[in-house]
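> Give me a 3D structure for the following:
(one chain, ligands or ions: 2)
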Amino acid sequence: MEYTRRKFLQTSLGALAGAAAGGLWSVPGWAAGGTKLELTAQESRIDLGRGPAFNAFSFNGQTPGPVIRVREGQELQVILRNRLQRPTTIHWHGQPVPNAMDGVPGVTQAAVPPGGSFTYRFRAHPAGTYFYHSHFGYQLDQGLYGALIVEPARPVGGWDREEVLLLADWVLADGGGMAPVPRRSPMGGMMGGGMMGRGRMGGRGGRGGWSGAPGEPLTEPYYQGYAVNGRLYPHGEPIKVKKGDKVRLRLINASSATTYDLSLAGHRLTVLALDGQDITPKTFDVVRLAMGERVDVEFTADNPGAWLLQAYDTGLGESGLATAVLYQGYEDRPPNRPGFRPGLSLATYWDLAAARPVAHPAGPPQRWYQQVLSGGMHSPYWSINGRMYPDSERLGAAPGEKVRLSYFNRSMIPHPMHLHGHFFRIVNFALPPERWLVKDTAVVEPMRRLDVEFVADNPGLWFHHCHNLYHMEAGMANLVTYA
Ligand code: C2O
Ligand code: CU
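Ligands and ions are numbered 1, 2, ... in the order given. Just a heads-up that it's a prediction; the model follows:
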């Protein structure tokens, strides 16, 4: 699949893809307006630009899948067709969809069998940057993900360019192709991970058919490849700007096991939204983005040159993910790498606040759950309160209640905790509750505590888990349930 040219996908509906509201993107997709879409999950040859093409999974022949753009309030209908040889589903990450549309196999629906189909229907709401992905086994890691952009009902302008950038980590064999799936240790490293391989979301479905047995040590040398919109640097599409442009980037971390520290050489980044929800804009040198998180940033093109938008893998401490930002007249220059500058500012949750007051009930929570996150080191499993999904506890609530989750990370690795069907607020006593961040994924740093609160306003059986896919599959998940 070629992404480097702006080749736009023709859909059976004739929905035009490409520029919408002044935006451009290098992943083919649908313009806002088409509300009846089809996504076919299939096995495809994937070409990341470097190394030989290999078999992985795609939506409609591409990974990332088509960018879906809708307007807030629109009814979205997506027919998922399964042409894989294993079951699949789609989860609409961050959107508080009705429970039956949430795409968690064995929890909110039966997985769609090979040859089968399923129609997802929900009202896109609220506006912001989201993504969709398979929730079956390791399929997200094998390419089944794409961007979901919900544009505000009344368009807001102010940007000369907008780019959707999906970040993904691939573990690639020296000899070509992907490492076997599951291909990382529960710690997130690249060892075979001896004790893994109990794909929990969908039974044994996590096992890659062509890729050998899970849990066996990898015998070939593997390396980590970081793709932006499905291409490894420098094979991707550069972001082309003119002096004076205001550029909005919608960054989506669809990686399975990587947290990034993002920076743009020669520029600072102004954070506009976290997990799709507006914050009071604030400018930083470095923006951290964990698995499942999205960040919208803008920068002003006021420093002509060829620059690198680059990300450090905070776990491996190496830099690999990158794309170029090229000013007019600098199209053929090699981009400058960001040099180390002392005193770089890093955006953290504690520096940010909701852009405008968002109602949040006052007073103590009606339910309060402690969630101890542990595992790793000497244990092959990851758990919440010492229990692994599906044997983990269920968190009950009554409709309308305010629920607090107090996470205690008793491990040396961060856990991006994600709650389906709801937004939660990050408890921050330095701010009034109506300014607390509204998020659906929150990183609990190693050996730290983090509290979130949500209102039980969307009844159902909701998956709650670490968005490190390897941790999730190793058991770090439970269910929030209320009728
Ligand atoms: Cu993005 Cu349960 O996942
Ligand atoms: Cu985790």
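> Can you pull out the low-pLDDT segments for the stretch 1-150 of the chain?
By pLDDT under 70, the weakly predicted segments of the stretch 1-150 of the chain are 1-26, 31-34.
> residues from it in reach of ligand 1?
Applying C-beta under 6 Å from any ligand atom, one finds that the stretch 1-150 of the chain approaches ligand 1 through H91, H93, H133, H135. From N, CA and C alone the C-beta is placed, and that goes for glycine too.
> nearest to D313, of those?
Closest to D313 out of those is H133 (20.1 Å), distances taken as C-beta to C-beta.
> For that closest one, give me its contacts.
Neighbour list for H133: I90, H91, H93, Q139, L140, L144, Y145, G146, A254 [criterion: C-beta atoms under 8 Å, 6 or more residues apart in numbering].
> repeat that for 10 Å
Residues in contact with H133 (C-beta atoms under 10 Å, 6 or more residues apart in numbering) are 59, 64-65, 89-93, 103, 139-141, 143-146, 148, 254, 256, 292, 469.
> can you tell me which residues contact the nearest residue to it once chain neighbours are set aside?
Excluding the flanking residues, the one nearest H133 by C-beta to C-beta, 6 or more residues apart in numbering is Y145, at 3.9 Å. Y145 is in contact with 57-59, 63-65, 90-91, 93, 131-134, 139, 166, 168, 252, 254-256, counting by C-beta under 10 Å, 6+ apart.
> Distance of Y145 relative to R123?
22 Å (C-beta to C-beta, to the nearest Å).
> now do N82
Counting by C-beta to C-beta, the gap from N82 to R123 is 24 Å.
> Have a look at those two and say which one is more surrounded.
Shown here are N82 and R123; by other C-beta atoms under 10 Å, N82 has more neighbours (23 against 15).
> Around the nearest residue to the more buried one once chain neighbours are set aside, count how many other residues there are.
Counting by C-beta to C-beta, 6+ apart, V112 is the residue found nearest to N82 once chain neighbours are left out, at 4.6 Å. Using other C-beta under 10 Å, the number of residues around V112 comes to 22.
> quick revisit: in strands, which of the residues of the stretch 1-150 of the chain next to ligand 1 fall?
Those of those mapping onto strands are H91, H93, H133, per DSSP state E.
> and which of those residues is nearest to V78?
When those are compared against V78 (criterion: C-beta to C-beta), the nearest one is H91, at 11.7 Å.
> Pull out the buried residues from the contacts of Y145.
Among the contacts of Y145, those classed as buried by neighbour count (16 or more other C-beta atoms under 10 Å) are 57-59, 63-65, 90-91, 93, 131-134, 139, 166, 168, 252, 254-256.
> So which of those residues belong to helices?
The subset of the buried ones among the contacts of Y145 located in helices under the criterion DSSP state H is empty.
> Give me the secondary structure label for A100.
helix (DSSP: H, G, I helix; E, B strand; the rest coil).
> In contact with it, which residues?
By C-beta under 10 Å, 6+ apart, the neighbours of A100 are T108, Q109, Y120, R121, F122, G460, L461.
> what do you get for I79?
K36, L37, E38, L39, T40, S117, F118, T119, Y120, R121.
> pLDDT (mean, whole number) over the longest strand along the chain?
As assigned by DSSP E, the longest strand anywhere in the chain is strand 161-173. Averaged across strand 161-173, pLDDT comes to 92.
> is it true that L80 touches V112?
Yes - using C-beta atoms under 10 Å, L80 makes contact with V112 at a distance of 6.0 Å.
> Find residues that contact each of those two.
By C-beta under 10 Å, 6+ apart, L80 and V112 have these common neighbours: A41, T88, T89, I90, G103, F118, S134.
> Among those, which are located in strands?
Judged by DSSP E, the subset of the shared contacts of L80 and V112 located in strands is A41, F118.
> May I ask which of the shared contacts of L80 and V112 has the most neighbours?
Going by other C-beta under 10 Å, S134 tops the shared contacts of L80 and V112 with 32 neighbours.
> which ones are touching it?
Per C-beta under 10 Å, 6+ apart, neighbours of S134: 41, 57, 59, 65, 80, 82, 84, 87-91, 103, 105, 111-112, 140-145, 201-202, 205.
> what's the spacing between it and N55?
Counting by C-beta to C-beta, the gap from S134 to N55 is 16 Å.
> can you check R69 too?
The spacing between R69 and N55, counted by C-beta to C-beta, is 29 Å.
> Have a look at these two and say which one is more surrounded.
R69 (25 against 17).
> tell me the domain boundaries of the protein?
Here the domain assignment for the chain is 36-154, 367-482, based on automatic domain parsing.
> Would you mind giving these as CSV with distance to V287 added?
Formatted as CSV, the domains of the chain follow (distance: least, C-beta to C-beta, whole Å):
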stretch, distance to V287
domain 36-154, 13
domain 367-482, 13
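> Could I have the CA atoms of stretch 334-350 written out in PDB?
This file holds the C-alpha atoms of stretch 334-350, laid out as PDB (Å, rounded to 0.1, in the frame of the first residue of the first chain):
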ATOM      1  CA  PRO A 334      17.800  17.100   5.100                       C
ATOM      2  CA  PRO A 335      15.900  18.000   8.200                       C
ATOM      3  CA  ASN A 336      17.600  19.300  11.300                       C
ATOM      4  CA  ARG A 337      17.300  17.000  14.300                       C
ATOM      5  CA  PRO A 338      16.300  18.600  17.600                       C
ATOM      6  CA  GLY A 339      19.400  19.100  19.600                       C
ATOM      7  CA  PHE A 340      19.300  18.800  23.300                       C
ATOM      8  CA  ARG A 341      18.600  22.000  25.100                       C
ATOM      9  CA  PRO A 342      18.700  22.200  28.800                       C
ATOM     10  CA  GLY A 343      15.500  23.400  30.400                       C
ATOM     11  CA  LEU A 344      13.100  21.900  27.900                       C
ATOM     12  CA  SER A 345       9.600  22.100  29.200                       C
ATOM     13  CA  LEU A 346       7.500  18.900  29.200                       C
ATOM     14  CA  ALA A 347       3.700  19.000  29.300                       C
ATOM     15  CA  THR A 348       2.300  17.100  32.200                       C
ATOM     16  CA  TYR A 349      -1.300  16.700  33.300                       C
ATOM     17  CA  TRP A 350      -0.600  19.100  36.300                       C
END
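> Where does the stretch 1-150 of the chain get nearest to ligand 1, which residue?
H93 (3.6 Å; C-beta to the nearest ligand atom).
> I am assuming that residue contacts H465, so please confirm or correct that.
No - using C-beta under 10 Å, H93 is not in contact with H465; the gap is 11.6 Å.
> So what's the predicted local confidence for S185?
Note for S185: predicted pLDDT of 56.
> before we move on, what about H420?
98.
> Could you pull up the residues touching it?
With contact taken as C-beta under 10 Å, 6+ apart, H420 is in contact with 91-97, 99, 102-104, 107-108, 135, 440, 458, 460-465, 479-480.
> Residues of this structure that sit close to ligand 2?
For the chain, the contact set with ligand 2 under C-beta under 5 Å from the ion comprises H415, C466, N468, H471.
> Report the beta-bridge partners for the second one.
Partner residues in beta bridges with C466: M417, with DSSP bridges as the criterion.
> And I279, by the same measure?
Under DSSP bridges, the beta-bridge partners of I279 are A354.
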